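Peer 1: Dropping the sequence and predicted coords here.
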Amino acid sequence: DIKTPLLEIKNLYVNYGAIQALEDIDIVVYEGEIVTLIGANGAGKSTTLRAISRLIPPRRGQIVYQGINITRSRPDQVVRLGIAQSPEGRRVLARQTVLDNLKLGAYTRSDKLGIKSDLEKQFIIFPRLAERRHQLAGTLSGGEQQMLAIARAVMSKPKLLLLDEPSLGLAPQIVREIFSVIRQLNESGVTILLVEQNATLALQTATRGYVLEAGKLVLSGLASELLKDERVKQAYLG
Ligand code: ATP
């Protein structure tokens, strides 16, 4: 039973000027998985997602998606191929309404009816957004903005969803709601690469995980195994 990866990162190096942010990273994501990247602040988790979305150029290495080398693709081409990122800090357009933010998420699509039905789907998944569809995004709570950022990414119809710190700064009840939606999305067929500061929650949600330290991979395996690993427990599970 040979599985083909949906995403394969091979020997990836990323620099910010003189700072080496990623060094020799190898990551594989299979269709249907939730894979998590854990690590301390500055370990390179966000940089990995930004490299996949093509928001920063790698210095070396390859990013292959569905057998296509996307290492030099444009960010919008990557979205068209089925990769969407919900960025850290939420980055919704504060002066636009919830509805307009969601429509922007569908900018690569031209199937008007499909977009309309997907908008309604988001409002079912996120009832808080439905009630606030005409409200300016900047007036939403942190948790609601996070939900909007995820819903906006989903509007591009991704096969692979990149989530950067969905729990950051949010109250436990909202975090539970968001993680329940993440599982729901995965069950509906979306493969997920999840970057999380909350390693316990991430490993409880994921199938497999990778541990990054100072730009390097130090450990990887089944999430259930990583949860039991002494090194992971000591460093990340508080
Ligand atoms: P965090 O959770 O704090 O975002 P992270 O694991 O996602 O941590 P990255 O944001 O990927 O880490 O940062 C990796 C390294 O690259 C850090 O040393 C960081 O200071 C550096 N870095 C990130 N963005 C830039 C930038 N735009 N310019 C210069 N250095 C950067």
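Peer 2: Cool, the structure landed.
Peer 1: C-alpha from now on. contacts and neighbour counts both.
Peer 2: Noted.
Peer 1: which parts of the chain sit against the ligand?
Peer 2: By the rule C-alpha under 6 Å from any ligand atom, the part of the chain lying against the ligand is Tyr16, Ala21, Ala40, Asn41, Gly42, Ala43, Gly44, Lys45, Ser46, Thr47.
Peer 1: which two from those end up farthest apart in space?
Peer 2: Tyr16 and Ala40 (18.3 Å; C-alpha to C-alpha).
Peer 1: Would you mind telling me which of those two has more residues around it?
Peer 2: Of the pair Tyr16 and Ala40, Ala40 is the one with more neighbours under other C-alpha atoms under 10 Å, namely 17 against 13.
Peer 1: who touches the helix or strand bottoming out on mean pLDDT in the chain?
Peer 2: Across the helices and strands of the chain, mean pLDDT, DSSP states H and E gives its lowest value to helix 230-236, namely a mean of 93. Outside helix 230-236, the residues within contact range by C-alpha atoms under 8 Å, 6 or more residues apart in numbering are Gly39, Ala40, Ala199, Thr200, Leu226, Leu227.
Peer 1: how about the helix or strand containing Leu161: buried residues?
Peer 2: Using DSSP states H and E, Leu161 sits in strand 160-164. Buried residues in strand 160-164, counted by 16 or more other C-alpha atoms under 10 Å: Leu160, Leu161, Leu162, Leu163, Asp164.
Peer 1: go on, stretch 174-181?
Peer 2: So, applying 16+ other C-alpha under 10 Å, buried residues of stretch 174-181: Ile174, Val175, Ile178, Phe179, Val181.
Peer 1: Would you mind listing the residues in contact with the second one?
Peer 2: Contact criterion C-alpha under 8 Å, 6+ apart gives Gly143, Pro166, Ser167 as the residues in contact with Val175.
Peer 1: so how far is the ligand from Glu225?
Peer 2: Using C-alpha to the nearest ligand atom, to the nearest Å, Glu225 is found at 22 Å from the ligand.
Peer 1: Out of the buried residues of strand 160-164, which is nearest to the ligand?
Peer 2: Closest approach between these and the ligand, by C-alpha to the nearest ligand atom: Asp164, at 8.0 Å.
Peer 1: surely that closest one meets Asn198?
Peer 2: No. Assessed by C-alpha atoms under 8 Å, Asp164 is found out of contact with Asn198, at 11.5 Å.
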